[in-house]
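Engineer: the sequence isn't on hand, but the structure is:
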């Protein structure tokens, strides 16, 4: 998923287990974490500027409005 300024690009990776995807990303120098997506909540997400971090938070169901940077998101996921 790539949130662009004019839309969101989604690429299919084919059939692969999460461990294979994480290993492949790490092999080419990216940092990757396994996460569990939360079930959607039937209420409006908090207002926040739309950014790459906000896009990931919405996919994962993270509702913490104070997570605004990639580093904060990483720390939130690790906890």
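Structural biologist: That came through fine. Because the structure is a prediction, the values reported are computed rather than measured. Numbering: from 1, shown residues only.

Engineer: just want the most central residue of this structure.
Structural biologist: Residue closest to the mean C-alpha point of the chain, counted by C-alpha atoms, centre = their mean, is residue 56 at 2.9 Å.

Engineer: which SS state does that residue fall under?
Structural biologist: helix (DSSP: H, G, I helix; E, B strand; the rest coil).

Engineer: the nearest residue to it once chain neighbours are set aside: what's it in contact with?
Structural biologist: Closest residue to residue 56 apart from its sequence neighbours, by C-beta to C-beta, 6 or more residues apart in numbering: residue 73 at 6.4 Å. Bear in mind the C-beta positions are built from the backbone N, C-alpha and C, glycine included. Listed by C-beta atoms under 8 Å, 6 or more residues apart in numbering, the contact set of residue 73 reads 53, 56, 57, 62, 67.

Engineer: now do the buried residues in the helix or strand hosting residue 73.
Structural biologist: Using DSSP states H and E, residue 73 maps to helix 70-78. For helix 70-78, a neighbour-count test (16 or more other C-beta atoms under 10 Å) marks 73, 77 as buried.

Engineer: could you pull out the helices for this structure?
Structural biologist: Using DSSP state H, the helices assigned to the chain run over residues 18-27, 52-60, 70-78.

Engineer: quick one, which of these is nearest to residue 12?
Structural biologist: Set against residue 12 and scored by C-beta to C-beta, the helices of the chain come closest in helix 18-27, at 11.8 Å.

Engineer: return the set of buried residues in the closest one.
Structural biologist: Neighbour counts over helix 18-27 (16+ other C-beta under 10 Å) mark residue 22 as buried.
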